[in-house]
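# quick one, structure for this:
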Amino acid sequence: QVQLVEAGGGLVQTGGSLRLSCAASGRTGSTYTMGWFRQAPGKEREFVAAIMLKWGITSYSDSVKGRFTISRDSGKNTVLLQMSSLKPEDTAVYYCAAGYSGDINSFPVSVNDWGQGTQVTVSS
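Now for the predicted structure:
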């Protein structure tokens, strides 16, 4: 089983930046995809971004497109989420997620592994 270890998060003012990282330990295959979901208080968990480790193909939710960038170090099974121009509505617990996806669009329904979550708070 793959374990996901997250780092980063914290408190930042509106317009600021934060970076999250997630490292996967264990064996991963060619279609292994990693990404992030988030859950705000009283809301359902929602997809944020994902990247296929081998090919670097990415996907973003409309709410973060143009502000967040996901990247990977495939040799280390690590992904980074650079978050810029943060807004109070970005406040949530961010969860690293991973699974095997035939294509990037199927990632949200292909997740098998979850991280423990890390808090991101954006103050107004």
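# how about the most centrally placed residue in the chain, what does it touch?
For the chain, residue 36 is the residue whose C-alpha lies nearest the centre (Cα atoms, centre = their mean; 2.2 Å). For residue 36, the contacting residues are 20, 22, 48-50, 70, 81, 94-97, taking Cβ atoms under 8 Å, 6 or more residues apart in numbering as the criterion. No exception for glycine: its C-beta is placed from N, CA and C like everyone else's.
# now the element after the strand or helix carrying it, going C-ward?
In this assignment (DSSP states H and E), residue 36 forms part of strand 32-39. Read in the C-terminal direction, the helix or strand following strand 32-39 is strand 46-52, with elements assigned using DSSP H and E.
# partners of that following strand, with directions?
Looking at strand 46-52 with DSSP bridges, its paired strands and their directions are strand 32-39 (antiparallel), strand 58-60 (antiparallel).
# distance between that strand and the chain's centre?
Mean-position distance between strand 46-52 and its chain equals 6 Å (Cα atoms, centre = their mean, to the nearest Å).
# contacts for it?
Counting by Cβ under 8 Å, 6+ apart, 31-39, 57-61, 64, 68, 70-72, 79, 81, 94, 97, 101, 104, 107-108 sit against strand 46-52.
# surely residue 7 touches residue 78?
No: Residue 7 is beyond contact range of residue 78, at 9.9 Å (criterion: Cβ atoms under 8 Å).
# of these two, give the one with the bigger neighbour count.
Neighbours per residue, other Cβ atoms under 10 Å: of residue 7 and residue 78, the larger number sits with residue 78, 17 against 14.
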